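Enquirer: Starting from these lines, generate the structure:
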Amino acid sequence: MLTVIHTFNGPDSDRILGEVRTGIQSLEDIEGFKFASVNKQENTRDIMLFSKWENRSAYENWADTVGENKAFKQASPQMFEVLEEKY
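Expert: Prediction:
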């Protein structure tokens, strides 16, 4: 399992949030997608997309669908292998 975190920030958080929402519209159609959460930090303009994937290949299949979305082009994803989870 893979966790991917994108962090977005900029002066126009409404535009960035719109681009993030546009970028994640296709998530449910990607095999290997598990979970996504869009979060806005309090008292800042920072937005975070936290997502879970079956493997890196599933993530990359989705990333290819995002194309020229400016928010995603400017945010380098951080990737983590999931070692353990509890719910």
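
Enquirer: Using PDB, write out the CA atom coordinates for the worst-scoring helix or strand of the chain on mean pLDDT.
Expert: Ranking every helix and strand in the chain by mean pLDDT, DSSP states H and E puts helix 70-74 at the bottom, with a mean of 91. What follows is helix 70-74, C-alpha atoms only, in PDB (Å, rounded to 0.1, in the frame of the first residue of the first chain):
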ATOM      1  CA  LYS A  70      -1.300  23.600 -12.700                       C
ATOM      2  CA  ALA A  71      -1.700  22.800  -9.100                       C
ATOM      3  CA  PHE A  72      -0.400  19.200  -9.500                       C
ATOM      4  CA  LYS A  73       2.400  20.300 -11.800                       C
ATOM      5  CA  GLN A  74       3.700  22.600  -9.100                       C
END
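
Enquirer: Give me the buried positions along that helix.
Expert: Neighbour counts over helix 70-74 (16 or more other C-beta atoms under 10 Å) mark Ala71, Phe72 as buried. (Each C-beta comes from the backbone N, C-alpha and C, glycine too.)

Enquirer: next one: stretch 42-53
Expert: In stretch 42-53, the ones that count as buried by 16+ other C-beta under 10 Å are Ile47, Met48, Leu49, Ser51, Lys52, Trp53.
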